[in-house]
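A.B. asks: Fold the following for me, if possible:
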Amino acid sequence: MAQDSDSSDSGYSRHQPVPGKQENIEETKKEMRRVKNRLAAQKSRLRQMQKADTLHQESEHLERENVALRKEITLLNEELKYFSAVLRSHESLCPALCARSEDGVHPTHSLSQAHSIAPAQHHL
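C.D. replies: Predicted coordinates:
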C-alpha cells in the first residue's frame, strides 16, 4: 500500500500550483510580447527606409526629367524664333500673305495661287 500512496502523492503534486510557476509563465509571455514588438518595430523601420529610398529615387528621376524638359523648351523656343524670322522674311517677299481683304482677314495663301510664277521670279 505504500506504493499506492507514493503514486498518489506524485499525482497530487502535479495538480497543485508550484509557487513561482505562474510568475514564470507571465514573465515568459511578457518576454515573447517584447520580442514580437521588437521584430514588428524592425519590420516597420525597414518598410519606412524602403519607402524613403523609393521616394528618393523617384525624386531623382523627376529632377532628370525636369532638366530634359527644360532643355527641350529652350530648343523649341529657339526653333520658334527661327521659324518666326523665316515667316517674317517670307511675308516681306510674298505679296499674297501681306495683302488683306476688305474685311481685314488674310486671303487664303495656297501654293498654287501665290506661287504660280516661277520661284526664282517670285522672290526677287
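A.B. asks: Can you list the helices and strands that the strand or helix carrying His61 packs against?
C.D. replies: Here His61 is covered by helix 21-93, with elements defined by DSSP states H and E. Counting contacts by 3 or more Cβ pairs under 8 Å, 6 or more residues apart in numbering; DSSP states H and E, helix 21-93 is packed against helix 95-98. In short, each C-beta sits where N, CA and C put it, glycine included.
A.B. asks: Next one: Thr108, what pLDDT does it get?
C.D. replies: What the model reports as pLDDT for Thr108 is 52.
A.B. asks: Which pLDDT value belongs to Gly104?
C.D. replies: 54.
A.B. asks: Likewise for Arg100?
C.D. replies: Model confidence at Arg100, expressed as pLDDT, equals 53.
A.B. asks: just His122 next, same as before
C.D. replies: The predicted structure lists His122 with a pLDDT of 46.
A.B. asks: for Glu60, same thing?
C.D. replies: 98.
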